Every structure is written in structure tokens, then in C-alpha cells.
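Undergrad: A structural model of the following input is requested.
(one chain, ligands or ions: 1)
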Amino acid sequence: MSLNILLCGAGGRMGQAISLISQEHGCTISFPVDLGDDPAQGIDSCDVVIDFSLREATLPLARLSSAAGKPMVIGTTGHEPSEKAEIEAISSKIPMVWAGNFSTGVNLLFYLTEQAARVLDGQSDFDPEVIEMHHRLKKDAPSGTADRLLEILKESRELGDDQIAHGRSGMVGARPAKEIGSHALRGGDVVGDHTVLFAGMGERIELTHRATDRKIFAAGALRAAKWVVGNSPGLYSMQDVLGLTSWAK
Ligand code: NAD
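TA: Here you go, the predicted structure:
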């Protein structure tokens, strides 16, 4: 039986990519929502809600999904900490997959970054930097994926937000050992490139993922939608959906 989806942001780049492949994944976009539409009209007739609109839409949509007891898949990025906290609190009532990136390859990049950071932790000679590039129309920076990579590096080195250097300009002085660089490049039609770089003395390691087609995020989001229906309330990542969480431990 086909899974009925309320898709928020249906007219956008990701919304269109999801709609295009929904049938081949056994799903139907039963209620497409974009600016000016009222999602409350379609909430009762859907099995799951997918949000790929803009960060402002996510919290009200999560409240609506929770009131109707519908599972949710969230792909929007760039939320304020207070929005994040409230959305996370709502996940105690409904099952929710929230991922800054739904591609299998990027979730493997998260895993590899964790492993590399763990091995190189004791080697303070390796300076970590995160570099991302996206198309010229992307609104937020750094990307949700870069944010997650920075989180992994921060946790592994026990650093705080104030130790992330977002771009460098002027007389910044020598690079402090306890710093993570973050650089957001924008231009053209780039779907999404992410590199984690560990620069040592005489050697460096670069882990790179390049997305060339939005289909990978769309397929991941539909996979997550099928997975989340029937799960217990809670906040899940794409690594949970792919079974990488237990594999990583
Ligand atoms: P887009 O600008 O092409 O599409 C967004 C769509 O949402 C537009 O059609 C817009 O009209 C609509 N929208 C805006 N506000 C709305 C509201 N309040 N209610 C309903 N619809 C609304 O953007 P995009 O490239 O498709 O990206 C959408 C979101 O998904 C962004 O936050 C982006 O960062 C994120 N994204 C996530 C992943 C991932 O794997 N998690 C991948 C790509 C993009």
C-alpha cells in the first residue's frame, strides 16, 4: 500500500525532486503544501509529514504534526537554537527523523570523520577545517551538513562554539591549536560539496563528498519516511535509518 505524504515546500528544488521519484519508492504526495497553503487541511489524511521548505515553517508544522499524532521527516536547515530545542521537545511525542543531509554517502562521511577525529585527537599537530560549497541561491551558511561535521569535531576535541573560526580575514595571527576553521563557498549550481581536512606537518588528510544530483537527498528522505512510520516517538538521525549508528559503535 502506498504511503501518503504531506510534503511541505513541494514547489521548491527538493520538493520537486521528492515528488518526481515518490511513486517509484511506493509513496504518494497526498497533500503538497507551499507558501500560502494551509497544511492543517491535509494533516488527517496523511501517514507522514515531510518538510523541505524553510526553517520558519518547521516549528509550526511540528506542532501540527504532534497534535495530529503524525510522524515527521525534517530536511530544513539553519534553525535558531530556541527553535531546535522546541522541535526536539516535540519529538518526545511523535517519531521524527531530522537530518541536515539525507544522502548515504554524507552519512558515511559523518562516520569517517568521527573515526578520523578519534584517531587524530591525541595528535594536536593535525588542524581540522571544514569547507563546503553550494549553489548561489542557498540562503543559510554554513550548511546543515557542515554544522554536523563541526559538531563532530567540536565534541571530539571538547571545543566550544567560540573556537570555530568562520572564515578568516585581516591580521588574524597564527592559527591557534584549539580552533576549527569553517568556510562556506557559494556559486553556480553546485548541489553540495563537503570536505573535512586534517592538516598536519608534512601530510594532510582530506575526506570529501560531492553531491551531483538532488535525487540522493530525495531518495533518502523517502526511505526515512517509510522507516519512521510505526517507530516509537523519539528523535532519529539518518544514521539510525541506515543502521550506521550501531555499526559505528
Ligand atoms: P527552495 O527555496 O528551492 O524551496 C523551498 C520551498 O519552500 C519553496 O517552494 C518555498 O516557496 C517554500 N516555502 C517557503 N516558506 C514556506 C512555508 N512557510 N510553508 C510552505 N512552503 C514554504 O529550497 P530547497 O533547495 O528545496 O531547500 C529546502 C530546504 O531543504 C532548505 O532548508 C535546505 O537547506 C534544505 N535541504 C536539506 C537537504 C537535506 O538532505 N537535509 C538537502 C537539500 C536541501
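
Undergrad: show me the contacts for F126.
TA: When contacts are counted by C-beta atoms under 8 Å, 6 or more residues apart in numbering, F126 touches L120, F198, A199, G200, R204, I205. C-beta coordinates here come from the backbone N, C-alpha and C atoms, glycine included.

Undergrad: And those, which is closest to Q41?
TA: Taking C-beta to C-beta as the measure, Q41 lies nearest F198 of the contacts of F126, at 50.1 Å.

Undergrad: Could you look up the SS state of the closest one?
TA: Following DSSP: H, G, I helix; E, B strand; the rest coil, the label given to F198 is strand.

Undergrad: Run a quick neighbour tally on it.
TA: 21 (other C-beta atoms under 10 Å).

Undergrad: hmm, back to that, can I have the buried ones of the contacts of F126 as a ChimeraX selection?
TA: The buried residues among those can be selected in ChimeraX (16 or more other C-beta atoms under 10 Å) with this line:
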select :120,198
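
Undergrad: From the contacts of F126, which one has the minimum pLDDT?
TA: Minimum pLDDT across the contacts of F126 is recorded for L120, with 90.

Undergrad: That one reaches A199, doesn't it?
TA: No: between L120 and A199 there is no contact under C-beta atoms under 8 Å: 10.6 Å.

Undergrad: If we ignore the residues flanking it in sequence, what's nearest V191?
TA: Of all residues not flanking V191 in the chain, A211 sits nearest, at 4.4 Å (C-beta to C-beta, 6 or more residues apart in numbering).

Undergrad: which residues sit in contact with the one you found?
TA: So A211 contacts S103, G105, V106, V191, G192, D193, F217 (C-beta under 8 Å, 6+ apart).

Undergrad: The last one touches G75, doesn't it?
TA: Yes: in this structure, F217 sits in contact with G75. The criterion is C-beta under 8 Å, and the distance is 7.0 Å.

Undergrad: Are there residues contacting both of these two? Which ones?
TA: With C-beta under 8 Å, 6+ apart, F217 and G75 have common neighbours M14, F102.

Undergrad: With neighbour numbers in mind, choose between those two.
TA: Comparing F217 with G75 by other C-beta under 10 Å, the one with more neighbours is G75, at 27 against 24.

Undergrad: Please list all residues in contact with that one.
TA: The contact partners of G75, by C-beta under 8 Å, 6+ apart, come to M14, I50, D51, F52, A99, F102, F217, A221.
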